[in-house]
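> just coords:
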């Protein structure tokens, strides 16, 4: 598969046309990301997802990025992100320096596309696009954070198995999406 071409103007237009179909653009599936940003952007993101999974890049970092951005559902005890299938846009568009080995130009292009969409959305609505700027999730999804906090505490203190905790968090995310994210 060749490198997808990202035309920023096209991606922003696609995003602006699709964003209104979502109550929030905070916790999205791969298909929803493709709807919002177009197939080229989704293909570019998939390249990095595939590389990370194949090489163990994200799994081997010890959660440095997740910790730095303050994700409330991150714990090194999980082994992998419990909400990966519906992770926030910031997580999807963040690539640490270790991804530069794959395609540094594409990393920069994806960052530029995300920032352009964020800015266009903010200008159009005259507000800060909080649901795009997560995690931390508390500002955009306070109910989700409140409902997952006891699970996170139980995993951290050892009273709940991390695998079971991951499953409970995924169920809570699905419940949250059903009631808060789909327009």
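Cool, the structure landed. Predicted model only: the values in this text are computed from it and were never measured.
> going forward, measure contacts between C-alpha atoms and count neighbours the same way
Will do.
> identify the residue spatially nearest to the residue nearest the centre of the chain, adjacent ones excluded.
Computing the C-alpha centroid of the chain and ranking residues by Cα atoms, centre = their mean puts residue 88 first, at 2.5 Å. Excluding its sequence neighbours, the residue lying closest to residue 88 (Cα to Cα, 6 or more residues apart in numbering) is residue 27, at 4.7 Å.
> list the buried residues for the helix or strand of the chain with the lowest mean pLDDT?
When each helix and strand of the chain is scored by mean pLDDT, DSSP states H and E, helix 64-68 comes last, with a mean of 83. By 16 or more other Cα atoms under 10 Å, the buried positions in helix 64-68 come out as residue 66.
> starting at the chain centroid, how far to it?
13 Å (Cα atoms, centre = their mean, to the nearest Å).
> got a list of contacts for it?
With contact meaning Cα atoms under 8 Å, 6 or more residues apart in numbering, helix 64-68 is reached by 74, 96.
> now the next helix or strand after that helix: mean pLDDT?
Next helix or strand after helix 64-68 toward the C-terminus (DSSP states H and E): helix 89-93. For helix 89-93, mean pLDDT rounds to 86.
> now swap in stretch 105-122 and tell me
89.
> what's the longest helix in this protein?
helix 100-125 (DSSP state H).
> residue 168: what's it in contact with?
Contacts of residue 168 by Cα under 8 Å, 6+ apart are residue 151.
> which residues of the protein score low on pLDDT?
For the chain, the stretches with pLDDT under 70 are 1-2, 126-134, 182-183.
> residue most distant from the centroid, it?
The chain, Cα atoms, centre = their mean, max distance from centroid: residue 159 (28.0 Å).
> surely that one forms part of a strand?
No: counting by DSSP: H, G, I helix; E, B strand; the rest coil, residue 159 is located in no strand; its state is coil.
> ok so, going back, got the contact list for the next helix or strand after the longest helix of the chain?
The first helix or strand that comes after helix 100-125 along the chain, using DSSP H and E, is helix 142-156. For helix 142-156, the surrounding residues in contact (Cα under 8 Å, 6+ apart) are 72-73, 75, 77, 137-138, 160-162, 165, 168-169, 172-173, 176.
> identify the farthest-apart pair in those residues.
Spatial extent of these (Cα to Cα) is set by the pair 138 and 161 at 24.0 Å.
> coming back round to it: please tell me how far the residue farthest from the centre of the chain sits from residue 150.
11 Å (Cα to Cα, to the nearest Å).
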